[in-house]
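Visitor: Kindly generate the corresponding structure for this input.
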Amino acid sequence: MATGAAMSRDISEHRKNLLEALGVAGRENSNAAVMYHSAMGERLGLGMTEEKTLDLLQRLGPLTAGEIGQHAGLAPATVSGLIDRLEAKWLVRRVRDAKDRRRVIVEINHERLAGFAELFEPFVAALSGLYERYTDDELELVLDFITRATALQREATEALVAQAP
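Guide: Predicted coordinates:
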């Protein structure tokens, strides 16, 4: 029978291995996501930042250029060029805010994006099948982890942008 110290060492070794595996799995997931969105962007004729900006606008609704920059962690000059490229492709449009005519917001051209969603459907369906394997409690734990990890990654992105020359 293992003593308390031996059990503690075993748990520590198990946790060390688990954390290492989690780090590797996280990097693999990040790489898979980058490659998926890179392939999707290529298929749609978009750069990855353009595709992710469209995602932001779909999820959050119309945003100002400054808000896009805040959510995406991009510098103002980068956002202006990004919006110019999306506007040239007829994917977004700049419009005056109805409440404050001095403010310009960027909104999606939904008619132009109508066919894009079907490209994502097979992956979304596969994820839905994966979700079915987990209990509600397990899904809440996964959601909590992803939410917290995303916040950490946003903070790291903001720090990188702030350090930019």
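Visitor: Show the low-confidence segments of the protein, by residue range.
Guide: The model of the chain has pLDDT under 70 over residues 1-10.
Visitor: how near is the most centrally placed residue in the chain to residue 157?
Guide: Nearest to the geometric centre of the chain sits residue 52, at 7.0 Å (C-alpha atoms, centre = their mean). Distance, residue 52 to residue 157, using C-beta to C-beta, to the nearest Å: 12 Å. Any C-beta I mention is one placed from the backbone N, CA and C, and that applies to glycine too.
Visitor: Compute the first-to-last residue distance for stretch 130-141.
Guide: 15 Å (C-alpha to C-alpha, to the nearest Å).
Visitor: i'd like the first residue to be 193 from this point on
Guide: Okay, using 193 as the starting number, the last item reads as stretch 322-333.
Visitor: mind listing the strands for this structure?
Guide: Along the chain, the segments classed as strands by DSSP state E run 284-288, 296-300.
Visitor: Show the secondary-structure elements that the longest helix belonging to the chain is packed against.
Guide: Counting by DSSP state H, the longest helix found in the chain is helix 196-236. Applying 3 or more C-beta pairs under 8 Å, 6 or more residues apart in numbering; DSSP states H and E, one finds that helix 196-236 contacts helix 240-252, helix 309-323.
Visitor: neighbouring contacts of the shortest one?
Guide: The contact list for helix 240-252 (C-beta atoms under 8 Å, 6 or more residues apart in numbering) reads 226, 229-230, 232-233, 236, 238, 255, 259-260, 263-264, 266, 274, 277-278, 281, 283-284, 298-300, 305, 308.
Visitor: Tell me how many other residues surround residue 224.
Guide: 10 (other C-beta atoms under 10 Å).
Visitor: if I look at it, how far off is residue 218?
Guide: Counting by C-beta to C-beta - residue 224 and residue 218 are separated by 11 Å.
Visitor: Return the residues in contact with residue 278.
Guide: With contacts defined as C-beta under 8 Å, 6+ apart, the neighbours of residue 278 are 242, 245, 246, 284, 298.
Visitor: quick one, domains of this structure?
Guide: The record assigns the chain these domain ranges, following automatic domain parsing: 193-236, 238-304.
Visitor: Need those in JSON lines (columns: distance to residue 357).
Guide: Converted to JSON lines, the domains of the chain look like this (distance: least, C-beta to C-beta, whole Å):
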{"stretch": "domain 193-236", "distance to residue 357": "25"}
{"stretch": "domain 238-304", "distance to residue 357": "11"}
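Visitor: most packed of those?
Guide: Neighbour counts (mean count of other C-beta atoms under 10 Å) averaged over each of these peak at domain 238-304, with a mean of 15.
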